[in-house]
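J.: Dropping a prediction and its sequence here:
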Amino acid sequence: MKYKTRYPLFSACGLNCGLCPRYYTDGSSRCHGCAGEGFDSVHPPCGVLSCCQRNGIEYCFECDGYPCKKYDGADLRDSFITHKNQLADMKKAKQIGIAAYKAELDEKAGILKLLLKSYDNGRSKSFYCLAVNLLDLQDIKSVMERIGRETEAKEVVRLLGETAAQKNISLKLRK
């Protein structure tokens, strides 16, 4: 049976799929998010999704056993998307509710789309995805207020990097 989710931009395990570079890739390697369109053809069977489905839940944080052993060291590794805030994002979604978390993630995804459309020099997609994923929404909005249409991509990268450095956030994936 195929797993379904109401919101594929936020995965069952707490990754922000809508802020992943593969979500914004054209071609066969494009990922439509957790259990989104074509998920089964791009990803191997997912144990987290299977577990959620068996337990009749959509997100792991809804389980009485969360966090289980599947999360041991989860925030210490990365793939195409950062896992640094995976557990913190699940906690936040649980605390404020999935609707409020979805609204925040939608706003972040909108900002990311603008950055990719207006300021991507062909080499900044992963950097922008990391920055928008790891920085607080208010910090991202502050950077966006400082840039304009004529701002060069290099300057946008610098401003996001400065903001991350002030928060002791590294904008590099850990493979």
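T.: Everything's here; your move. Numbering: from 1, shown residues only.
J.: Give me the buried positions along the host helix or strand of residue 118.
T.: Following DSSP states H and E, one finds residue 118 within helix 98-119. Under the neighbour-count criterion of 16 or more other C-beta atoms under 10 Å, helix 98-119 has 98, 101, 102, 105, 108, 109, 111, 112, 115, 116, 119 buried. Backbone N, C-alpha and C define where each C-beta goes, glycine included.
J.: quick one, phi/psi of the residue nearest to residue 31 when sequence neighbours are not counted?
T.: With sequence-adjacent residues excluded and distances taken as C-beta to C-beta, 6 or more residues apart in numbering, residue 31 is closest to residue 22, at 4.2 Å. Note on residue 22: its backbone torsions stand at phi -70, psi -20 [degrees, to the nearest 10].
J.: how about the buried residues of helix 98-119 in CSV, adding pLDDT and distance to residue 30?
T.: Shown next, in CSV, are the buried residues of helix 98-119 (pLDDT from 0 to 100; distance: C-beta to C-beta, whole Å):
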residue, pLDDT, distance to residue 30
98, 92, 25
101, 95, 24
102, 94, 21
105, 96, 19
108, 97, 19
109, 96, 15
111, 97, 20
112, 97, 15
115, 96, 18
116, 95, 14
119, 93, 21
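J.: Would you mind giving these as JSON lines with distance to residue 55 added?
T.: Shown next, in JSON lines, are the buried residues of helix 98-119 (distance: C-beta to C-beta, whole Å):
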{"residue": "98", "distance to residue 55": "16"}
{"residue": "101", "distance to residue 55": "20"}
{"residue": "102", "distance to residue 55": "21"}
{"residue": "105", "distance to residue 55": "23"}
{"residue": "108", "distance to residue 55": "28"}
{"residue": "109", "distance to residue 55": "28"}
{"residue": "111", "distance to residue 55": "34"}
{"residue": "112", "distance to residue 55": "31"}
{"residue": "115", "distance to residue 55": "37"}
{"residue": "116", "distance to residue 55": "36"}
{"residue": "119", "distance to residue 55": "42"}
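J.: and of these, the nearest to residue 127?
T.: The closest of those to residue 127 turns out to be residue 115 (C-beta to C-beta; 9.4 Å).
J.: before we move on, the earlier item: show me what contacts the residue nearest to residue 31?
T.: Shown in contact with residue 22 (C-beta atoms under 8 Å, 6 or more residues apart in numbering): 29, 30, 31, 80, 81.
J.: The first one: neighbour count?
T.: Counted with other C-beta atoms under 10 Å, the burial measure for residue 29 works out to 10 neighbours.
J.: all helices for the chain, in order.
T.: In the chain, the helices defined using DSSP state H lie at 39-42, 47-55, 86-96, 98-119, 125-134, 137-146, 153-166.
J.: Noted, bye for now.
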